[in-house]
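Visitor: fold the following, please.
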Amino acid sequence: MKVQEIRDLNAEEIERKVKEAKENLFKLKTKLSTRQLENTAQIKAVRKEIARMNTILKEKKKAK
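Guide: Numbers count the residues shown, from 1 in each chain. Modelled structure (predicted):
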């Protein structure tokens with residue numbers, strides 16, 4: 001997701017997206033450990049996406 005798309009979501013939706021991304025990250029790490037993951041760059045991308053969403057979530061909570 002792009003930053004603007006994340007900013008348009010409310011806090012509950014962002015938290016739900018973070019939870020989904022963390023589940024996805026867990027699945028990717030499992031695939032990596034079993035040597036089934038072909039594109040290891042996906043792990044880095046998901047980690048950055050989680051960090052981006054957490055940053056925007058903290059900004060929204062601080063603004064309240």
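
Visitor: so where's the protein shaky on pLDDT?
Guide: The chain contains no residues with pLDDT under 70.

Visitor: centroid residue for it?
Guide: Ile50 (2.7 Å; Cα atoms, centre = their mean).

Visitor: ok, that one - contacts?
Guide: By Cβ atoms under 8 Å, 6 or more residues apart in numbering, the contact set of Ile50 is 18, 21-22, 25. C-betas here are computed from N, CA, C, even on glycine.

Visitor: which element is it on?
Guide: helix 41-63 (DSSP states H and E).

Visitor: pull out the buried positions in that helix.
Guide: Counting neighbours by 16 or more other Cβ atoms under 10 Å, one finds that the buried residues in helix 41-63 are 43, 46, 49-50, 52-53, 56-57.

Visitor: burial of the spatially closest residue to Asn54 that is not a sequence neighbour, as a residue count?
Guide: Nearest residue to Asn54 in three dimensions, chain neighbours excluded: Val18, at 6.4 Å (Cβ to Cβ, 6 or more residues apart in numbering). If you count neighbours by other Cβ atoms under 10 Å, Val18 ends up with 18.

Visitor: centre of the chain to the one helix or strand Val18 maps to, how far?
Guide: Assignment of secondary structure by DSSP H and E places Val18 within helix 11-33. Distance of helix 11-33 from its chain centroid, counting by Cα atoms, centre = their mean, to the nearest Å, is 6 Å.

Visitor: next: stretch 33-53.
Guide: 10 Å.

Visitor: how many other residues sit next to Ile6?
Guide: Neighbour tally, Ile6, other Cβ under 10 Å: 19.

Visitor: contacts only, for it.
Guide: Here Ile6 is in contact with 14, 17, 52-53, 56 (Cβ under 8 Å, 6+ apart).

Visitor: ramachandran coordinates for Asn10?
Guide: Torsion angles at Asn10 (phi, psi; degrees, to the nearest 10) stand at phi -90, psi 170.

Visitor: closest one of the buried residues of helix 41-63 to Asn10?
Guide: If you rank the buried residues of helix 41-63 by distance to Asn10 using Cβ to Cβ, Leu57 comes first, at 10.1 Å.

Visitor: now the closest one. Nearest residue, chain neighbours left out?
Guide: Ile14 (4.8 Å).

Visitor: right, I'll leave it there.
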